[in-house]
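> pasting the structure only:
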């Protein structure tokens with residue numbers, strides 16, 4: 001139970017208040033003839049029964065009895081009324097305590113289930129998500145599995161010069177220059193320029209006249225033809 005006060009002085013004041021309420025309550029009802037010592041012992045029993053309860057609840061207990069009963073109470077009956085007054089507050093306190101414990105348990109479970117960076121790296125590596133594996137998949141898009149891509153990558157031996165050459169270096173500059181002089185590239189770029197200035201119908205007719213495989217297609221189907229023919233590789 002909740003003590004009415006922690007200090008000796010506070011307990012004495014609380015017991016004096018309980019005794020005052022008990023005297024007032026008993027005086028309101030029939031007072032049987034009894035020896036003064038017996039009457040004092042009876043009042044002392046109220047103090048003993050109620051002093052461990054919060055004083056506000058003791059007041060509620062006496063108030064409830066005075067408002068609804070027509071006889072003298074026993075110490076146990078006032079204690080029961082006081083505990084009834086405390087019940088909603090005790091339930092709410094218990095609910096809040098459970099919520100706090102549940103939050104702490106959830107946090108503990110989440111912390112226990114969260115793996116470290118090292119563990120995460122090992123799991124990723126075990127599943128094949130490594131820099132080497134991802135690079136192999138990127139360079140072997142036709143491979144049927146990651147393992148096949150890695151194997152093809154390891155068996156390829158010498159890297160192609162384009163894999164290590166500086167994109168801004170002389171090798172790539174020479175490649176771009178050679179492509180610029182390529183007849184097919186020149187014709188494709190000229191075709192792209194011509195297509196860009198045509199309407200949809202004119203473009204369909206022009207393409208159909210030059211490529212039998214275009215029969216039945218529309219301008220919408222060829223929306224990216226120019227980019228394909230004349231774009232940089």
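Perfect, I can see it now. Values in this document were obtained by computation on a predicted structure and should not be read as measured data.
> Give me the helices and strands touching the helix or strand that residue 134 is a member of, please.
Following DSSP states H and E, the helix or strand that holds residue 134 is helix 131-139. Applying 3 or more CB pairs under 8 Å, 6 or more residues apart in numbering; DSSP states H and E, one finds that helix 131-139 contacts helix 146-155. Every C-beta, even on glycine, is put in place using the N, C-alpha and C of the backbone.
> What is the subsequent helix or strand relative to the helix it packs on?
Under the assignment DSSP H and E, the closest C-terminal helix or strand after helix 146-155 is helix 161-164.
> mean confidence score for that following helix?
Regarding helix 161-164, the rounded mean pLDDT is 73.
> okay, the most centrally placed residue in the chain: pLDDT?
Compute the mean C-alpha point of the chain, and by CA atoms, centre = their mean the closest residue is residue 110, 10.1 Å away. Reading off the confidence values, residue 110 has pLDDT 78.
> ranges for the helices of this protein?
Using DSSP state H, the helices of the chain run over residues 8-27, 36-50, 55-68, 75-113, 117-126, 131-139, 146-155, 161-164, 170-181, 183-196, 200-210, 225-230.
> Look up how far residue 15 lies from residue 79.
14 Å (CB to CB, to the nearest Å).
> what's the neighbour count on residue 104?
Residues contacting residue 104 under the criterion other CB atoms under 10 Å number 10.
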